[in-house]
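# Quick one, what's the 3D model for this:
(2 chains)
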Amino acid sequence: GAVVSQHPSWVICKSGTSVKIECRSLDFQATTMFWYRQFPKQSLMLMATSNEGSKATYEQGVEKDKFLINHASLTLSTLTVTSAHPEDSSFYICSARDLRGGETQYFGPGTRLLVL
Amino acid sequence: KQEVTQIPAALSVPEGENLVLNCSFTDSAIYNLQWFRQDPGKGLTSLLLIQSSQREQTSGRLNASLDKSSGRSTLYIAASQPGDSATYLCAVLSGGYQKVTFGTGTKLQVIP
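Numbering: from 1, shown residues only, chains lettered A, B, ... in the order given. Below you'll find the predicted structure:
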């Protein structure tokens, strides 16, 4: 149980295009989902907290207009990297917290983005 | 602010050896701690989750222990195999806002 999926697992795009990454909780409902980013040789860092039906809360230094987060349902959150640039190339991972309670975050496998 | 440190940053061992990876955290008021493996070019895989009330978890050749009072966790890998080669991350859930803080990882290479 408590499986989180991400799609796509790999994406390569041209500079200037937008990329959407999906995060789904497969066997539970999640009012809260989290998005993390990992730059090479650095630890994963929280980008934003996404709550179903409301605006996401972004961490300091993360551009909300560049990283659009939509949490339209209890099982799906999307992260859209708008007008992607090579410096946005990174590993993006989401996690979800079960609606039924508990603090544990269940992590997706991650998405590797390469912007050319 | 929670800080998570993993030592060593890299480790190379011959196949068959037992090994220990270390994770330390500064704020002992944690909810849980997770160990992950990250394979090059691939995604993150959750290995073990230890709740704050637990002292250890086991899965196959892996055993993770947690000592909250000293702010430490260890991941023990028995009889290492080349397929164990990966980067191992620990992540701590803590704080009033229940944030996850990741360590920078230990890159393990098991030599056949």
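
# Please count neighbours and contacts with C-alpha atoms only from this point.
Fine.

# near chain B, which residues of chain A?
A:9, A:41-46, A:103-104, A:107-112 (C-alpha under 8 Å from any C-alpha of the partner chain).

# Considering these, which possesses the most neighbours?
When neighbours are counted by other C-alpha atoms under 10 Å in any protein chain shown, A:G110 leads those with 29 neighbours.

# quick one: contacts for that one?
A:Q6, A:S9, A:F91, A:Y92, A:I93, A:C94, B:G43, B:L44 (C-alpha atoms under 8 Å, 6 or more residues apart in numbering or on different chains).

# For A:Y92, list the residues it contacts.
Contacts of A:Y92 by C-alpha under 8 Å, 6+ apart are A:W35, A:Y36, A:R37, A:Q38, A:G110, A:T111, A:R112, A:L113.

# In this structure A:Y36 contacts A:S90, no?
No. Taking contacts as C-alpha atoms under 8 Å, A:Y36 lies outside contact range of A:S90: 10.1 Å.

# Looking at these two, which is more packed in?
Shown here are A:Y36 and A:S90; by other C-alpha under 10 Å, A:Y36 has more neighbours (19 against 16).

# Find the helix or strand that that one is a member of.
strand A:32-38 (DSSP states H and E).

# Quick check: buried residues in that strand?
For strand A:32-38, the neighbour count (16 or more other C-alpha atoms under 10 Å in any protein chain shown) marks A:T32, A:M33, A:F34, A:W35, A:Y36, A:R37, A:Q38 as buried.

# ok, and what's touching it?
Here strand A:32-38 makes contact (C-alpha under 8 Å, 6+ apart) with A:44-52, A:77, A:79, A:90-99.

# Partner strands of the lowest-mean-pLDDT helix or strand in chain A, with direction?
Within chain A, no helix or strand scores below strand A:105-107, which has a mean of 89 by mean pLDDT, DSSP states H and E. Using DSSP bridges, the strands paired with strand A:105-107 are strand A:90-97 (antiparallel).
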